[in-house]
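**Student:** Okay, sequence plus prediction incoming.
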Amino acid sequence: MTTRIALVTGGTRGIGLGIARELARDGWTLALCGLRSRTDVTDVVDELASLGGAAEYWPADIGSPDDRAHLLQSIVAHFGTLHALVNNAGRAPSVRADLLDATEASFEEVMGTNLRGPYFLTQAVARLLVQQTEQEGMRRAIVFVTSVSAEMASPQRGEYCVSKAGLSMAAKLFAARLAPDHIPVYEVRPGIIATDMTARVKEVYDKRIADGLVPEGRWGRPDDVGRVVASLLRGDIAYATGTVFNVDGGLSIPRL
């Protein structure tokens, strides 16, 4: 079987780690990146490798053009090629501020990681993918991990919502552009997922979930998202490029 190689940005913690674990169980070889040092993620990389596929990590800020270029060059030099990209890395605002008080600096910071970075990383990866000859059984694909915040408004973190809405459109644009090249592009929208990012608002959402905010009545888990992404990269859901997959326990269902 030909080795399948996937880049998962932010793949060593939170939702990204949930995705990486499921891909490792499927036998994918993983290229991972994040802001932490290589030493800080040794245990995670070893765990992922033990699940079935090899794993390698590069420190990289996807908001940095130089880091993105170096990351992709390093992956190709190390593995020889790349077959899939999972745009997962993202950040919340450092401070949740009312829409009328939020700063331009915070806006720029969030946009760099959540929108500009994955947009241009996808551009670079797409150029690589379209040059490949699709091998038998070797499916190329791109997944954007956005958020229910791409549509649901949270005035206390406007920059985050705007960044995810923009990323949602990026997924549609790349899906349309890459369809003739037989490279499907999907958008996965997690809801309220238990991660480091949401830990600081756990009590707030515990109460809101108990009050019925989420129809399924529980927090989402990183592996909930991971299983969906793994299914998409396997090709289980064909003829669906550009589709949005909500992984939110029913949170985004319009209700009276």
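**Tutor:** Nice, thanks for sending it over.
**Student:** Could you pull up the contacting residues of Arg221?
**Tutor:** Contact analysis of Arg221 by CB atoms under 8 Å, 6 or more residues apart in numbering lists Gly18, Ile193, Ala194. (Each C-beta comes from the backbone N, C-alpha and C, glycine too.)
**Student:** Name all residues that make contact with Phe107.
**Tutor:** Counting by CB under 8 Å, 6+ apart, Phe107 has contacts Glu159, Val162.
**Student:** now do Arg96
**Tutor:** Gln156, Arg157.
**Student:** Quick check, Arg91 in contact with Met111.
**Tutor:** No - between Arg91 and Met111 there is no contact under CB atoms under 8 Å: 10.1 Å.
**Student:** Now do the helix ranked longest in the chain, average pLDDT.
**Tutor:** As assigned by DSSP state H, the longest helix anywhere in the chain is helix 158-178. Helix 158-178 shows a mean pLDDT of 98.
**Student:** Dump the C-alpha coordinates for the following helix or strand past it into CSV.
**Tutor:** Going down the chain from helix 158-178, the next helix or strand is strand 185-190, by DSSP states H and E. Extracted in CSV, the C-alpha atoms of strand 185-190 (Å, rounded to 0.1, in the frame of the first residue of the first chain):
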residue,chain,number,x,y,z
VAL,A,185,-12.4,20.3,-0.5
TYR,A,186,-14.6,20.1,2.5
GLU,A,187,-15.6,22.3,5.5
VAL,A,188,-16.1,20.9,8.9
ARG,A,189,-17.8,23.1,11.5
PRO,A,190,-17.3,22.0,15.1
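**Student:** Tell me where the stretch 51-200 of the chain has helices.
**Tutor:** 65-79, 104-111, 117-131, 158-178, 196-199 (DSSP state H, counting those that start in this stretch).
**Student:** closest to Ser50 out of the ones you listed?
**Tutor:** Comparison of these against Ser50 by CB to CB identifies helix 65-79 as nearest, at 18.8 Å.
**Student:** Mind listing residues that contact that closest one?
**Tutor:** Residues contacting helix 65-79 (CB under 8 Å, 6+ apart): 3, 5, 7, 29, 31, 33, 56, 58, 60-62, 82, 117, 120-121, 124-125, 128.
**Student:** Now it: buried residues?
**Tutor:** Asp67, Arg68, Leu71, Leu72, Ile75, Phe79 (16 or more other CB atoms under 10 Å).
**Student:** That helix relative to helix 117-131, how many degrees between them?
**Tutor:** Using axes from the mean of the first three to the mean of the last three CA atoms, to 10 degrees, one finds that helix 65-79 and helix 117-131 are set 40 degrees apart in direction.
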